[in-house]
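In: I need the structure of the sequence given here:
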Amino acid sequence: MSSGRWWFLTGCLVLGLAAGGTAHAGVFQCASPDSTEAIAAADSTRFVPYRFGDLPYATLRYRDLELLWDSAYDAELPGDVMTTLDVYAGTLIDRYAGNNALGYDMSRFELLYNYCRRAGQWPRAYSRGSWDTTSVVFGDSTSGTLFMFQLKDSAGAPEGAPWSKPTDRCHVDVYLSDSTRAVWGVPTAKGGYYSPWVSPNEDSSTSRSRHSIKHANSLAMKLPGWLARIDTVGAGWASPSSYQSEGFAHEFAHGLPGGPATASALDEQFAAIGEALVGSYDETDASDMAYTWSLLGHSTQPAGTLRGYGKNYVARSGFAAYLVYNFPGVDTSRTPTGMEDDLAHQWISLLDPPPGLGSLRDLLRDSTCADCAWLLDPPGVPQSDTSRLALLHHYWRAATYVNNPNLDHGQYGYPSRYGFTPGAQLNAWQNANGIAGDDVVAIPPEITMGPEHLTRDTTLYGSRSLNGSSYPLVLQIFGSEYWIVRSDPALAMSSQDLVIHLWSDSLGRFDDFVLKEVEGQIVVVDRTWDGWVTASVVGYSEQNGAGGQPEELWRHPDWATTAFAPTRMATDSLRGGLEFVVPGFGTSIKAVLIPITCS
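Out: Presented below is the predicted three-dimensional model:
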């Protein structure tokens, strides 16, 4: 069975001034991405195993980890390499202050296991007893087709029949690879399963024969170049703030049994929750944040175009941080009991959740989300779980630009105590990759309204452009658009309203086709239903720096002082659109942000 889903949403946004005036926004199209991706086999190579201590299970490091060092670095393990591996293992296994973003008195390994393990499958919490060899179970315990692998001999030729890779083991094998080594055939990939590359003595804890090794407890980290491979003091790749520490959390969350379908968008979203727990973020990544892309995006269809949706790891990292840091529940103690009502914990611990965000929606009712009424509902107006999902997505998108946790009830930002800022951790709102051609989906458009707009509206319709690239005024499902409207200094001499009107032209609908086999024939089943567009406005009290020059609003969260609550409309009908009236535009409010989302 295969399926394709596309949003067709068209409409218009008009901006105008009024001593009275009006404003509008353009045609939108929502597209739901394909969320499947095949796993290809890696190249054959050799790793040198390393474990900790002389006695089996004498330490938690020995019990929980086996590190495998790429022989492309060193065929044997010199002393400085072993010291480096000890430092890295300490980052993952040892308990110390500042080891995780939330302040739990747990190692990263323990926190990730307790927070992310599936309810009802391995109900036992992590044990700190080093001789307790059944404390954790790690690795996919099923034998689905995505886990079929083939051993290869030293020349790369197939050896024996392919086999599936369930696990029955209680430790994690971490492959540490040379930065030039390909993962799944992609030289720049950072994580992946290196299981086909093992040697006969790969699993030194059990001394299994080569053909009886079960590799689903394997994960991989790509290391820096040969000269930077040594980090005996924990200031480089072995430090708590490195990608290799964050990446371990990401891949660890992938490896816990009972999760979503492997290589799906939801699987990657859960892995991003692991990143948020440890609180280290890869600030060396040179990717822009494409804010138009769907949160559900995973494959790269259509590849290489601005209108695609990409794998969108960046957005999922931001959404995970927003959930973990903003929705801690009633019990905010950093204990195993305290995490039970965390919204992110309840979501990631679901056993075999279906694809998409439906499982999160079902958790947004009052009985399972203590923070939802305060952060998502309009005052005194309880919302359904479906409406709350749309509002959650919208507020997260707004917060990623505004990032002022002191605005309204706190939903417009990430709590500052966790040190998460989208501009730093996600490269949001800027050209981080040096490619001007894709800025049109990374840097929001801006327009300036002046006295000349008091007598005519400004209509935004069709497409927008930046640095030689254009982008249609469309919305992908669970994607976003942003508009920034600045005031001309001449407007400070009088008081006027900015009136913003957003509407659909009635062509918007969610068209879904599913291919099914009926009596031996493949038939197409079409379905159509409504989608929703949500919009809001955030007012900024300033827009210029000390020198009088315009500055990027996202760099000044404290300038965001006024929030106009979100409203929404169906995408397939002419229902009058959405309207916002911003008083004091040009005087008390110098600029506004208009976030627009689709769900």
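
In: which residue ranges of the stretch 401-550 of the chain form strands?
Out: Shown for the stretch 401-550 of the chain, the strands assigned by DSSP state E, counting those that start in this stretch span residues 446-449, 458-460, 463-466, 469-472, 480-487, 497-504, 509-518, 521-529, 532-540.

In: mean pLDDT for those: which is lowest?
Out: Mean pLDDT values for the strands of the stretch 401-550 of the chain show the minimum at strand 509-518, a mean of 46.

In: okay, the angle between the helix or strand containing Ala320 and strand 480-487?
Out: With secondary structure defined by DSSP states H and E, Ala320 is part of helix 313-326. Relative orientation of helix 313-326 versus strand 480-487 (axes from the mean of the first three to the mean of the last three CA atoms, to 10 degrees): 80 degrees.

In: following the chain past helix 313-326, name the next helix or strand.
Out: Toward the C-terminal end, the helix or strand that comes next after helix 313-326 (DSSP H and E) is helix 343-348.

In: report the central residue of this structure.
Out: Arg316 (1.1 Å; CA atoms, centre = their mean).

In: mind listing what Pro355 touches?
Out: 35, 260-261, 264-266 (CB atoms under 8 Å, 6 or more residues apart in numbering). From N, CA and C alone the C-beta is placed, and that goes for glycine too.

In: next: Thr337.
Out: Thr337 touches Asp331, counting by CB under 8 Å, 6+ apart.

In: just the buried residues from the contacts of Pro355, in ChimeraX please.
Out: Buried subset of the contacts of Pro355, written as a ChimeraX selection, criterion 16 or more other CB atoms under 10 Å:
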select :35,260,261,264,265,266
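
In: taking the contacts of Pro355 one by one, which sit in helices?
Out: Counted as lying in helices by DSSP state H, out of the contacts of Pro355, are 265-266.

In: tell me which of the contacts of Pro355 has the lowest pLDDT.
Out: Lowest-confidence member of the contacts of Pro355: Ser35, scoring 24 (pLDDT).

In: quick check: buried residues in stretch 218-230?
Out: 218-224, 229-230.

In: cool, stretch 410-419 as well?
Out: Here stretch 410-419 shows 410-414, 418 as buried, counting by 16+ other CB under 10 Å.

In: show the low-confidence segments of the stretch 201-350 of the chain, by residue range.
Out: 201-216, 280-285, 299-310 (pLDDT under 70).

In: now the strands for it?
Out: Listed in chain order (using DSSP E, counting those that start in this stretch), the strands of the stretch 201-350 of the chain are 218-222.

In: regarding the protein, what is its longest helix?
Out: In the chain, taking DSSP H as the definition, the longest helix is helix 385-402.

In: packing partners for that one?
Out: Judged by 3 or more CB pairs under 8 Å, 6 or more residues apart in numbering; DSSP states H and E, helix 385-402 is in contact with helix 313-326, helix 358-361, helix 372-376, strand 480-487, strand 532-540, strand 560-570, strand 591-598.

In: make JSON lines from the ones you listed and add distance to Ser294 to it.
Out: JSON lines is the format used below for those (distance: least, CB to CB, whole Å):
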{"stretch": "helix 313-326", "distance to Ser294": "8"}
{"stretch": "helix 358-361", "distance to Ser294": "15"}
{"stretch": "helix 372-376", "distance to Ser294": "21"}
{"stretch": "strand 480-487", "distance to Ser294": "9"}
{"stretch": "strand 532-540", "distance to Ser294": "14"}
{"stretch": "strand 560-570", "distance to Ser294": "18"}
{"stretch": "strand 591-598", "distance to Ser294": "9"}
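
In: mind checking which of the ones you listed is nearest Pro405?
Out: With distances scored as CB to CB, the stretch of the helices and strands packed on helix 385-402 nearest to Pro405 is helix 313-326 (8.3 Å).

In: on that earlier part again, please identify which of the helices and strands packed on helix 385-402 is closest to Phe270.
Out: The nearest among the helices and strands packed on helix 385-402, by CB to CB, is helix 313-326 at 8.3 Å.

In: ok, Ala125 - how many residues close by?
Out: Around Ala125 sit 13 other residues, with neighbours defined as other CB atoms under 10 Å.

In: list the contacts for it?
Out: By CB under 8 Å, 6+ apart, Ala125 lies in contact with 113-114, 336.

In: can you confirm it is in a strand?
Out: No: if the criterion is DSSP: H, G, I helix; E, B strand; the rest coil, then Ala125 is coil and not within a strand.

In: tell me how far it lies from Pro336.
Out: Distance of Ala125 to Pro336, given as CB to CB, to the nearest Å: 6 Å.

In: overlap in contacts, the two.
Out: In terms of CB under 8 Å, 6+ apart, Ala125 and Pro336 are both contacted by the residues Asn114.

In: ramachandran angles for Pro583?
Out: Pro583 adopts backbone torsions of phi -80, psi 160, taken as degrees, to the nearest 10.

In: how close does the nearest residue to it once chain neighbours are set aside sit to Gly79?
Out: Spatially, and ignoring its direct neighbours in sequence, Pro583 is nearest to Asp497 (5.3 Å; CB to CB, 6 or more residues apart in numbering). Per CB to CB, Asp497 is found 72 Å from Gly79.

In: neighbour count winner among the two?
Out: Asp497 (20 against 8).

In: pretty sure the more buried one sits against Val581.
Out: Yes: between Asp497 and Val581 a contact is recorded at 5.3 Å, counting by CB atoms under 8 Å.

In: ok, now how distant is the residue nearest to the centre of the chain from Thr91?
Out: For Arg316, the distance to Thr91 (CB to CB) stands at 23 Å.

In: now do Thr262
Out: Note on Thr262: its distance to Thr91, by CB to CB, is 27 Å.

In: the two: which is more packed in?
Out: When Thr262 and Thr91 are compared for neighbours, Thr91 comes out ahead with 24 against 17, by other CB under 10 Å.

In: looking at this, that one is in a strand?
Out: No: counting by three-state DSSP, Thr91 falls outside a strand, being helix.

In: from Lys222, how far out is it?
Out: 17 Å.

In: report the angle between the helix holding Ala320 and helix 385-402.
Out: Using the same axes, to 10 degrees: helix 313-326 against helix 385-402 is 110 degrees.

In: summarise which helices and strands helix 313-326 is packed against.
Out: Under the contact definition 3+ CB pairs under 8 Å, 6+ apart, helix 313-326 sits against helix 265-278, helix 343-348, helix 385-402, helix 422-425.

In: those into JSON lines, with extra columns for distance to Leu375?
Out: Rendered in JSON lines, the data for the helices and strands packed on helix 313-326 read as follows (distance: least, CB to CB, whole Å):
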{"stretch": "helix 265-278", "distance to Leu375": "17"}
{"stretch": "helix 343-348", "distance to Leu375": "10"}
{"stretch": "helix 385-402", "distance to Leu375": "7"}
{"stretch": "helix 422-425", "distance to Leu375": "18"}
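
In: looking at those helices, which is closest to Phe564?
Out: Nearest to Phe564 among the helices and strands packed on helix 313-326 is helix 385-402; the distance by CB to CB comes to 10.8 Å.

In: what's the mean pLDDT across the closest one?
Out: Mean pLDDT, computed over helix 385-402, is 97.

In: what angle sits between it and strand 532-540?
Out: Going by the same axes, to 10 degrees, helix 385-402 makes 40 degrees with strand 532-540.

In: in helix 385-402, which residues are buried?
Out: Judged by neighbour count (16+ other CB under 10 Å), helix 385-402 contains these buried residues: 385, 387-402.

In: that one versus strand 591-598: what angle between them?
Out: On the basis of the same axes, to 10 degrees, helix 385-402 is oriented at 140 degrees to strand 591-598.

In: Leu296 contacts Gly356, correct?
Out: Yes: using CB under 8 Å, Leu296 is in contact with Gly356, at 6.8 Å.

In: between the two, tell me which one has more neighbours.
Out: Neighbours were tallied for Leu296 and for Gly356 using other CB under 10 Å; the higher tally belongs to Leu296 (26 against 16).

In: dump the residue contacts of Trp396.
Out: 318-319, 322.
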